[in-house]
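Enquirer: build the 3D model from these lines:
(chains A and B)
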Protein chains: 2
Amino acid sequence: MNILIVYAHPEPTSLNGSLKEFACSLLESQGHNVGISDLYEMSFKAIADGNDFRERKNPHQLNYLTEQMNASKNKSFSQDILLEQEKLEWADFVIFQFPIWWTEAPAILKGWFDRVFAFGFAYGPGAYDKGNLRGKKAMLSVTHGAPNLNNYGEFGLKGKLEERLFNIQHEKLYFSGIEVLEPFIFPSSAPLEIRNDYFENYKKRLLHIFEEPTIPFHPLSHYQNGQLVNEFRKD
Amino acid sequence: MNILIVYAHPEPTSLNGSLKEFACSLLESQGHNVGISDLYEMSFKAIADGNDFRERKNPHQLNYLTEQMNASKNKSFSQDILLEQEKLEWADFVIFQFPIWWTEAPAILKGWFDRVFAFGFAYGPGAYDKGNLRGKKAMLSVTHGAPNLNNYGEFGLKGKLEERLFNIQHEKLYFSGIEVLEPFIFPSSAPLEIRNDYFENYKKRLLHIFEEPTIPFHPLSHYQNGQLVNEFRKD
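Expert: Numbering: from 1, shown residues only, chains lettered A, B, ... in the order given. As a prediction, this is how the structure comes out:
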């Protein structure tokens, strides 16, 4: 299968860099085709602006969504965006490897979503289970620096990590039709002697990423007028 | 008082641009000093990397947090970061004006947090109500394009907007010691005939931003070992 790793970390010898290399080697050894978008190495442009379009529907006033829809129709995005969109079309599975900074992705990866997951390309007219990237799967592989794992517990200082990641997992990936696996989470505070266990666990998951069940988000049919209908509220 | 508006939108004639101008004029007419960080106009660098430090503790391997702590001690951040940190020190109140893109801030603003809210400057050793920016207040003024306001209801497709904004309001601002007012939310789907009402409501809030109560987030003393203690869980 075709697997794209979107990787966002400024230091190649970091834990994130190791996890990216680890996944790449393992997946290739399993016969998969692996593509990598190393956003830092590519100096990927993070900032969404008028230069993202080779022709403008309205060159005088920028409505970014309108221009995205126009560029999706005419394939007139800037070259760097088109290239990433081609990689996404090629991929059956996308792994996002990044450190959680301020409970979100680093800006370079947020910008990748702002620019690449365009209106008309990733979603629109349909979204969620009607999103344009349906049929694909994805998984976040993240590191975080919380000194105490309780911070991410149900009554933790930061709330549940799955809630912190909802803006990415549900509101970007699933919004665009992508089914999402549970994240792989590597606390960077893990002492050296148990780091191997984390790599072992990651390996076990990578060996079965196409069989692993995805997070059971509600399809659009469970909502009426934007609200989850009563019978599904107990999930 | 000193008020900083951090503004992130690529189009000056946008609704966001109007809201920025509106707030600026009104607050100045009330005798406040208003500073503006127009991130797009400044071509603010969004990407956190080794160039953010004029001297490096370790020039061979980048540990961003370690370098931030070092630069906080030595004031050796790059000039653009130092300038934004000076503006923050000057400000009693910060308004963030931006469009919600993918339930988060545009990447250029995410990068502003990644780079400017540095370890050792905005937080560290203390965080939350012990954060270094305590004494300041902030408010998000955001637009969003949800076609149906129900999408942000309790059982809405996107969940409550306050939960979507928790990663900014709680995990960036309050984490750094800043008290946060309820956000001002302007749905860009609002028909033209009621837009004036939104501006009127914004005006009413801006006239009393220093008196308005802030969101009652739990102080660190309500937590034990990272977990909210039982007596506060009913809040």
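
Enquirer: list the contacts for A:V94?
Expert: By CB atoms under 8 Å, 6 or more residues apart in numbering or on different chains, the residues touching A:V94 are A:3-6, A:88, A:136-139, A:178. In this view, the C-beta of every residue, glycine as well, is placed from N, C-alpha and C.

Enquirer: if you set the cut-off to 10 Å instead, what comes out?
Expert: A:2-6, A:35, A:37, A:87-88, A:133, A:136-140, A:173, A:178, A:180 (CB atoms under 10 Å, 6 or more residues apart in numbering or on different chains).

Enquirer: is it true that it lies in a strand?
Expert: Yes - per DSSP: H, G, I helix; E, B strand; the rest coil, A:V94 lies within a strand segment.

Enquirer: partners of it in the sheet?
Expert: A:L4, A:A138 (DSSP bridges).

Enquirer: tell me the pLDDT at it?
Expert: Listed pLDDT for A:V94 reads 98.

Enquirer: relative to chain B, how far out is it?
Expert: 16 Å (CB to the nearest CB, to the nearest Å).

Enquirer: buried stuff in stretch A:140-150?
Expert: By neighbour count with 16 or more other CB atoms under 10 Å in any protein chain shown, stretch A:140-150 contains the buried residues A:140-144, A:146, A:148, A:150.

Enquirer: endpoints of that stretch, how far apart?
Expert: 20 Å (CA to CA, to the nearest Å).

Enquirer: neighbours around A:D49, how many?
Expert: Applying other CB atoms under 10 Å in any protein chain shown, we find 17 residues neighbouring A:D49.

Enquirer: same check, this time on A:K130
Expert: Neighbours of A:K130 (other CB under 10 Å): 14.

Enquirer: right, and A:I3 touches A:G35 too?
Expert: Yes - between A:I3 and A:G35 there is a contact at 7.3 Å, judged by CB atoms under 10 Å.

Enquirer: from chain B, how far out is the most centrally placed residue in chain A?
Expert: Nearest to the geometric centre of chain A sits A:F96, at 5.1 Å (CA atoms, centre = their mean). In this view, A:F96 and chain B are 14 Å apart by CB to the nearest CB.

Enquirer: hmm, what's the outermost residue in chain A?
Expert: Distance-from-mean max, chain A, by CA atoms, centre = their mean: A:H60 at 32.6 Å.

Enquirer: enumerate every residue touching it.
Expert: B:T13.

Enquirer: cool, A:R54 as well?
Expert: Contacts of A:R54 (CB under 10 Å, 6+ apart): A:71, A:74-79, A:81-82.

Enquirer: how about the helices in chain A?
Expert: According to DSSP state H, chain A carries its helices in the segments A:15-29, A:64-74, A:79-90, A:107-116, A:161-164, A:166-168, A:192-206.

Enquirer: tell me where chain A is predicted with low confidence.
Expert: A:235 (pLDDT under 70).

Enquirer: what's the burial count for the closest residue to A:E28 other than its chain neighbours?
Expert: Distances taken as CB to CB, 6 or more residues apart in numbering or on different chains put A:V34 closest to A:E28, at 5.3 Å, once the chain neighbours are dropped. For A:V34, the number of neighbouring residues by other CB under 10 Å comes to 19.

Enquirer: let me see the contact set for the closest residue to A:S141 other than its chain neighbours.
Expert: Counting by CB to CB, 6+ apart, A:S141 lies nearest to A:F184, which is 4.4 Å off, once chain neighbours are set aside. Listed by CB under 10 Å, 6+ apart, the contact set of A:F184 reads A:19, A:23, A:95, A:97, A:139-143, A:198, A:201-202, A:205-206, A:209.

Enquirer: if I look at A:F184, how far off is A:S78?
Expert: To A:S78, A:F184 is 32 Å away according to CB to CB, to the nearest Å.

Enquirer: tell me which of the contacts of A:F184 is nearest to chain B?
Expert: A:T143 (12.0 Å; CB to the nearest CB).

Enquirer: so that closest one is in contact with A:I185, correct?
Expert: Yes - if you go by CB under 10 Å, A:T143 and A:I185 touch, sitting 7.9 Å apart.

Enquirer: shared neighbours, the two?
Expert: When contacts are counted by CB under 10 Å, 6+ apart, A:T143 and A:I185 are jointly contacted by A:100, A:198.

Enquirer: B:K45 is nearest to which of the helices of chain A?
Expert: Smallest distance to B:K45 across the helices of chain A (CB to CB): 9.4 Å, for helix A:107-116.

Enquirer: how about the closest one, does it reach chain B?
Expert: Yes - Helix A:107-116 lies within reach of chain B by CB under 10 Å from any CB of the partner chain, at A:107-115.

Enquirer: could you report the neighbour count for A:F121?
Expert: So A:F121, with other CB under 10 Å, has 23 neighbours.

Enquirer: please name the nearest non-neighbouring residue to it.
Expert: A:S72 (4.6 Å).

Enquirer: now swap in A:Y174 and tell me
Expert: Using CB to CB, 6+ apart, the nearest residue to A:Y174 is A:F217, at 5.0 Å.

Enquirer: same question, A:Y202
Expert: In space, A:Y202 is closest to A:F184, 5.6 Å off (CB to CB, 6+ apart).

Enquirer: how close does that neighbour get to chain B?
Expert: A:F184 sits 20 Å away from chain B, going by CB to the nearest CB.
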